[in-house]
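Asks: dropping a prediction and its sequence here:
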Amino acid sequence: MKKNLLMLFIFVMLGSLVYAQNKVPVAPGEGTLSQAIASAQNGDILQLIPDALYTESTSFNFGTLKEKSITIEVDGDGSTKAKVQVLTAPTNDSNTAFFYLADKSSITLRGLELDGSLNGVPSASSLVNFSMGETPAPMAVGTICIENCFIHDLKSNVITAGNGDMAGNVVIDSTIIDNTVMQTTGTSVYYKYAGSNFISLTNSTFNTINSYGLRIAGPGYTFLPDNTPEVIVDQTTWYNIGTTDGREILLSEKGPLMKPWLIRNSIFVKEVLKSKTVINIKETDGDSLATISNICLWDVGKKSWRSHSVQDTITMDPQFADPDNGDFTLPAGSKLLTFGTSGGPIGDLRWATNATAVEKINESELVTNFSLNQNYPNPFNPSTTITFRLEKAGVTNLSVYDLSGREIAVLVNKNLASGTYQYHFDARNLTTGMYLYKLQSSGLLLTRKMMFLK
């Protein structure tokens, strides 16, 4: 009997879960998304058609969520996005925004192009704002999750809590941005007056931002000492930050902020106002809660690390392919392709297409020596294969130099097990000539020459 009751309970719960994750197809066109949001139930997934357009031209936003969590996503694998656009022009009394969140609400956006322009210029103010009603009152937002989206042409902050009435009232539990590009917008996450618990920015690009890249305030502004966030910034690319309001790229202030920050595997380029500190994590507990590692800085402002843990920073031009047109691809052989914490690329990984993985061959072989083979073919154009053997496991570096000793490319820089490895080196960006390639591991060093004929 007890077993039957247990099975019935599980069946009911699973049925409830399925119901809570109801998938609702939304036809493209004017007003259809707003209508779907208004009628959505808690847990609904609104599915949009790839390459279709969803607009709103009779209201200043697509709707306000209260006491419900919804997902708006493109149908399919997300490789082709659905486009969402507010076509209502702002007025002196009302700004346009895409979505408002009220008490006990959450939103997930996945596989969308969110276009804030009107007649070719930025028009909408923000992507996500918060609504407390006519009288400010405490409210708790669950999760804001943005995945695989392209957000562009917003006049102000993407996710914004800049209204002073929010102080002491608004708490956002989790804010997650992953695999997303923001271009020609305001600050990605602007929590000046809202408390929060967790913020994660990963595998994303932030290009041409008119003010701060990220701004988080503590209880000096929020009046919420128990709601200061843990922050993760990992595998991100930042370019041209502070275009109209010169500010820091990353800022925390008005603490004390009591949770750790992790900033790693990221590239920061072109902070417009050089008198500002590029990464300004201040007023944390003891000024020592941040861990900053494996980052590249170029054409940025002041550096002030306070007592934070900082290691493996590099100052160099990343030589993006065409940054002013939104292409941040790293060149083949770039040191940044192996500068990451695991020996891989830093920055948004979508720009690491020239990274070549080192390949272990003959898994069963027992290697008894440390050796570096002559590359083959040699001379070569444009690529060649370098084979090496490691008797002992350890951090291994394989790099290319010109004859003056200048480092040209870092091919491998990671911990490798004992074994035989191959690396396929593409030299098409180099000039004709003789080069050296050096293998270092476990205190040993070997060097060989190779000839590139273009």
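Replies: Everything's here; your move. Numbers count the residues shown, from 1 in each chain.

Asks: contacts, neighbours, all on C-alpha from now
Replies: Fine.

Asks: Thr385 in helix, strand or coil?
Replies: strand (DSSP: H, G, I helix; E, B strand; the rest coil).

Asks: and the spatially closest residue to it that is not a sequence neighbour, helix, strand or coil?
Replies: Nearest non-adjacent residue to Thr385, counting by C-alpha to C-alpha, 6 or more residues apart in numbering: His424, 4.5 Å away. Using three-state DSSP, the structure places His424 in strand.

Asks: quick check: His424 vs Thr228, distance?
Replies: When distance is defined by C-alpha to C-alpha, to the nearest Å, His424 is 46 Å away from Thr228.

Asks: got it, and Tyr190?
Replies: For Tyr190, the distance to Thr228 - C-alpha to C-alpha - is 13 Å.

Asks: likewise for Gly344?
Replies: In this view, Gly344 and Thr228 are 31 Å apart by C-alpha to C-alpha.

Asks: between the two, which one's more packed in?
Replies: Thr228 (27 against 21; other C-alpha atoms under 10 Å).

Asks: what's near enough to touch that one?
Replies: 195-197, 217-219, 257-259 (C-alpha atoms under 8 Å, 6 or more residues apart in numbering).

Asks: try Thr291
Replies: By C-alpha under 8 Å, 6+ apart, the neighbours of Thr291 are 260-264, 308-310.

Asks: tell me the pLDDT at it?
Replies: Note on Thr291: pLDDT of 97.

Asks: assign it to helix, strand or coil.
Replies: Under three-state DSSP, Thr291 comes out as strand.

Asks: any idea what it is bridged to?
Replies: Leu262, Ser309 (DSSP bridges).

Asks: packing partners of the helix or strand where Leu445 lies?
Replies: Following DSSP states H and E, one finds Leu445 within strand 444-452. On a contact count with 3 or more C-alpha pairs under 8 Å, 6 or more residues apart in numbering; DSSP states H and E, strand 444-452 meets strand 371-372, strand 433-441.

Asks: let's see that with 7 Å instead.
Replies: strand 433-441 (3 or more C-alpha pairs under 7 Å, 6 or more residues apart in numbering; DSSP states H and E).

Asks: for the strand it packs on, buried residues please.
Replies: Residues of strand 433-441 classed as buried: 435-441 (neighbour count, 16 or more other C-alpha atoms under 10 Å).

Asks: go on, stretch 83-101?
Replies: So, applying 16+ other C-alpha under 10 Å, buried residues of stretch 83-101: 83-89, 95-101.

Asks: let me see the mean pLDDT of whichever strand or helix holds Leu109.
Replies: Remark: Leu109 resides in strand 106-110, with elements defined by DSSP H and E. The average pLDDT for strand 106-110 rounds to 98.

Asks: please apply the same query to stretch 396-414.
Replies: 91.

Asks: distance between it and the chain's centre?
Replies: 28 Å (C-alpha atoms, centre = their mean, to the nearest Å).

Asks: stretch 95-107 too?
Replies: The answer for stretch 95-107 is 22 Å, by C-alpha atoms, centre = their mean.

Asks: and stretch 425-432, by the same measure?
Replies: The answer for stretch 425-432 is 30 Å, by C-alpha atoms, centre = their mean.

Asks: what about it, start to end distance?
Replies: For stretch 425-432, the first-to-last residue distance is 15 Å (C-alpha to C-alpha).

Asks: got it, and stretch 174-190?
Replies: First residue to last in stretch 174-190 (C-alpha to C-alpha) measures 14 Å.

Asks: possible to save the buried residues of strand 433-441 as a markdown table with pLDDT and distance to Thr284?
Replies: Shown next, in a markdown table, are these (pLDDT from 0 to 100; distance: C-alpha to C-alpha, whole Å):
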| residue | pLDDT | distance to Thr284 |
| --- | --- | --- |
| Tyr435 | 97 | 48 |
| Leu436 | 97 | 46 |
| Tyr437 | 97 | 45 |
| Lys438 | 97 | 43 |
| Leu439 | 97 | 42 |
| Gln440 | 96 | 40 |
| Ser441 | 94 | 39 |
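
Asks: quick check: the farthest pair among those?
Replies: Pairwise distances across these (C-alpha to C-alpha) peak at 20.2 Å, for the pair Tyr435 and Ser441.

Asks: okay, now the domains of this protein?
Replies: 19-350, 359-452 (automatic domain parsing).

Asks: helices along the stretch 151-300 of the chain, start to end?
Replies: Along the stretch 151-300 of the chain, the stretches classed as helices by DSSP state H, counting those that start in this stretch are 219-222.

Asks: below-threshold pLDDT in it: ranges please.
Replies: Across the stretch 151-300 of the chain, nothing is flagged by pLDDT under 70.

Asks: tell me where it has strands.
Replies: Using DSSP state E, counting those that start in this stretch, the strands assigned to the stretch 151-300 of the chain run over residues 159-161, 170-178, 181-185, 189-191, 195-209, 214-217, 230-241, 250-253, 261-271, 279-281, 290-298.

Asks: which other residues reach the first one?
Replies: Going back to what we said before, that points to strand 159-161. 126-130, 188-194 (C-alpha atoms under 7 Å, 6 or more residues apart in numbering).
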